[in-house]
Each structure stands twice: as C-alpha cells, then as structure tokens.
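fold the following and give me the result.
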Amino acid sequence: MNLLPDERISITAPLRHPAFRALAAGRALMYFGNGVATVALAFAVLQVTGSLVYLGLVVGARSLANVALLLFGGVLADRFPRDLILRGGCALAALSQGMLAASVLLGFASLPVMIVLSLVNGAAAAANLPAAAALTPQTVPPALLRPANALVRIGVHIGMFVGMSAAAGMADLFGPGWALAVNALVFVLAALCFLLLRLPPAAGRAEERADVLRDLREGWGEVVARPWVWVVVLQFMVVNATWSGTVAVLGPAVADASFGRTVWGLVLATNSIGMLLGGVLAARWQPRRALVFGVALAALDALPLTVLGTGTGIPFLFASMFVAGVAMEQFGVAWEVSMQQNIPPDKLSRVYSYDALGSFIAMPLGEVAVGPIATVVGLEATLVGMAVLTVLATGGALGSRSVRGLTRV
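Residues are numbered from 1 along each chain as shown. Below you'll find the model as predicted:
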C-alpha cells in the first residue's frame, strides 16, 4: 500500500479504519469521565470534609494506587488482549465512581470511604493506561501513526474539555454527587465502545510467559538502553507533580477563596482547548527533531503556576493555561510517536508502564504535600516555587545529547 509522505496525509485518514474509530471513541469517553472526576471529586471532598489536607489525601490515594500497579498493568497488557483489559478497567472505574456518587448523594461519604474508592479507581487506571497507549499502532498502518496519535489525543482533550465544563456546571447547580454519577455512566459507555474494537487474532497478545519478573526485567532493559526515555521520564516526575498539585489541590483552593468554582472549571477547560489546538498543529507538522522541541515547550507549564501564585489576573490565567495546553500537546504527540517508532511492539506496554510509573511516581507526594506546605509558606510562594522546579527540570532534560539527537522516522 503506497502512501503519500506523512506531511501530506490527511489528519482524518486514520478514521477510515474501524478499529481505530472504536479505540479513539472509547479513549475520548474515558477522558470525559476523568475530566468530570477532576472537578467533581475535588469539590465533593471539600463539601464533605472542608479540608484542603483531606482533599490531598483523597486525590493522592488514587495516584498512589495508579503508581503502585502500573508495572503489573503493563505486563498484563503485553500478555493478554489489550481490548479486553480496557473493557475490564472501564467496568471497574464505573463501579468505583458509581459507589462514590452514591456515598455523596445518600450522605454516607466519609474520608475512609472516599480514599478506598479512589484507590479502586486508581487501580482501574493502572490497567487502562498501558493497554490503551500501546493499541494505536495495532489499529492503523505505520505511515498513519502521527495523525492517529494526534487524533486520539484530540479526542481525549475534547473529552476532558467537555467533562470539566459539564462537571463545573453540575457541581455548582446540582452538587458534585450528581457529577460523579455521570462520571460512572460515561465509563460504562467507554466499555461499550471497546466492545466494538476488533483486532487481528494476534494483536494485543504477546507470547505466553509465566515469569512476571522476567517480563519486568525485559521492559526495564528497553528503558535503560535508551537514555532519551529515562531522561524525559525524570523530567516529567517533576512536571507532573507540580501540575497535579496545582490542578487537583491548590487551584480549587484558590478558586474557592477568590474567583469561584465555575471559573476554575472553565480555566481547566481552556487548557484542554489549548491541547486540542496543539494536537491539530502536531498532526499537520512537527520538526524532524520533534522530541527535543516538545521537551523544551514543557517549560511553558510554569506560566499558569506563576500567574496563580502572583495573582496577575483572570485574563492572564486563561491565556497562560491555553498556551500551556498547546505546548504540552506538541510534546505529547512527539513522545507517543517516538515510543511507538523505537520500542519493539511486544514490549511497548511494559515500556509505557515504566514511563507512566516514572512520570507519575511523584504525583501522590505532590498532591499530599502541597496542602501542608501551602499552609506553612502560603499558597502564592508554593505555586511560584513549583513553577521554578518545572523550568529547572526542563533545562536538565535539554542537556541530554540523546534527547537532542532523536529524530522521527
């Protein structure tokens, strides 16, 4: 099958493949649910407990379960059909979010209940993430990888945008419990989409193995053999921790103290709109050294943290969140394509799980720690300090020759 050079391939070309359509729709719905949860869970915890520290414990519990089980999720996704794992993960997420919604609506929500259900939801995400990320190359020809990854990520960010906007309105008008109920329903719909995902018999299944430790060692060997992988993972240990601490904990606290919950939901949605535009741009063009270009742009994540910390103003907050979204999506598409073009397919889920583990491992610490730190030194100083850390981590990654030298096919 002859294809035009990828700069001339239509952004919609991957949609001609039914398996890709099912995957893209399911992932968009998954992230719609995550967008609802990002806003609704924070306000549910604040409604039930009124404590910024407890909020950090609940969102940190989800991240902790995610981090602890990611490697196991990667092994499962390289051993068994990845579409089956996605269906099971979505069903588990629907169950946990449905029970959380019921606890809030029926009045039996408590800190232990919310922590346990957040742990369950984090376990579901640990199964879903490596399976979903590794499926894209199995649904389209190699020449369509860049537009396919961009389209998946565009759908993801549309889902996040709609989810955050809807959750902010529902939390304000009807309460966070109803927003969480919608969250559970959306995960059911995502599982139904994955039922339509039809792959060749061998796709999504690696050679049967019984030694989990050997599987993990093989995945680790692929990571350490490529310095660009572990250098960028180290960078995003910092970037993701500072961003998560802001979005999940400090941002809602600033919103409740000043401009309100609805505005905060719109601010987060603006970031998703920026990611949407960034995905369209990345699908149409990226430089040959796309990875180093994306890594450098990650420093722009520091902008909204600085604006929140200095109280520059709402218009600047919207603008900075939009710019950060565009920049981060340039990195995201470059990273996905770099991984899929350079990692053996039968080990890709395990490498994705190490990537996610390294990138996310500091998130629970960030989410749990920012509340007490902000209580001692103040919200403003904490936010500005996290912006500085983001810039320093990006500078360190740019110092790697391996990162600067990687080119896309």
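
which element is residue 338 on?
helix 314-342 (DSSP states H and E).

show me the contacts for residue 301.
By C-beta atoms under 8 Å, 6 or more residues apart in numbering, the contact list for residue 301 reads 239, 242-243, 324, 327-328, 390. To be clear about C-beta, it is placed using only N, CA and C from the backbone, and glycine gets the same treatment.

let's see that with 7 Å instead.
Residues in contact with residue 301 (C-beta atoms under 7 Å, 6 or more residues apart in numbering) are 239, 243, 324, 328, 390.

same question, residue 394
235, 295-296, 298-299.

could those go into CSV alongside neighbour count and secondary structure?
Formatted as CSV, the contacts of residue 394 follow (neighbours: other C-beta atoms under 10 Å; DSSP: H, G, I helix; E, B strand; the rest coil):
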residue, neighbour count, secondary structure
235, 26, helix
295, 27, helix
296, 18, helix
298, 26, helix
299, 21, helix
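
count of neighbours near residue 42?
26 (other C-beta atoms under 10 Å).

my bad, should have said residue 94
By other C-beta under 10 Å, neighbour count at residue 94 equals 22.

settle this for me: it is touching residue 190, isn't it.
No. Counting by C-beta atoms under 7 Å, residue 190 is not a contact partner of residue 94; they are 8.4 Å apart.

and the helix or strand of the chain with the lowest mean pLDDT, what does it pack against?
Across the helices and strands of the chain, mean confidence by mean pLDDT, DSSP states H and E is lowest for helix 52-79: a mean of 76. Other helices and strands packing on helix 52-79, by 3 or more C-beta pairs under 7 Å, 6 or more residues apart in numbering; DSSP states H and E, are helix 18-49, helix 111-135, helix 212-224, helix 348-360, helix 363-377.

out of these, which is closest to residue 260?
helix 18-49 (11.3 Å; C-beta to C-beta).

now do that closest one: which elements does it pack against?
Counting by 3+ C-beta pairs under 7 Å, 6+ apart, helix 18-49 packs on helix 52-79, helix 82-106, helix 111-135, helix 145-173, helix 176-195, helix 251-257, helix 261-284.

how about CSV for those, with distance to residue 229 added?
As requested, these are exported to CSV (distance: least, C-beta to C-beta, whole Å):
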stretch, distance to residue 229
helix 52-79, 14
helix 82-106, 21
helix 111-135, 14
helix 145-173, 17
helix 176-195, 28
helix 251-257, 30
helix 261-284, 20
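
wait, which of the ones you listed is closest to residue 216?
Among these, helix 52-79 comes nearest to residue 216, with 6.0 Å by C-beta to C-beta.

what angle separates that closest one from helix 111-135?
Angle of helix 52-79 versus helix 111-135, following axes from the mean of the first three to the mean of the last three C-alpha atoms, to 10 degrees, is 30 degrees.

which of the residues in the least confident helix or strand of the chain are buried?
Neighbour counts over helix 52-79 (16 or more other C-beta atoms under 10 Å) mark 52, 54-79 as buried.

now the angle from that helix to helix 18-49?
Using the same axes, to 10 degrees: helix 52-79 against helix 18-49 is 160 degrees.

ok and helix 52-79 relative to helix 82-106, angle-wise?
Using the same axes, to 10 degrees: helix 52-79 against helix 82-106 is 160 degrees.

what packs against the helix holding residue 338?
Against helix 314-342 (3+ C-beta pairs under 7 Å, 6+ apart) you get helix 145-173, helix 261-284, helix 290-297, helix 302-310, helix 348-360.

state the distance from the nearest residue to residue 135 once chain neighbours are set aside to residue 342.
In space, residue 135 comes closest to residue 82 once its chain neighbours are excluded; the distance is 5.1 Å by C-beta to C-beta, 6 or more residues apart in numbering. Counting by C-beta to C-beta, to the nearest Å, the separation of residue 82 from residue 342 is 20 Å.

again, but for residue 215
Where residue 342 is concerned, residue 215 sits at a distance of 19 Å (C-beta to C-beta).

quick one: which of these two has more around it?
Using other C-beta under 10 Å, the more surrounded residue of residue 215 and residue 342 is residue 215, with 22 against 16.
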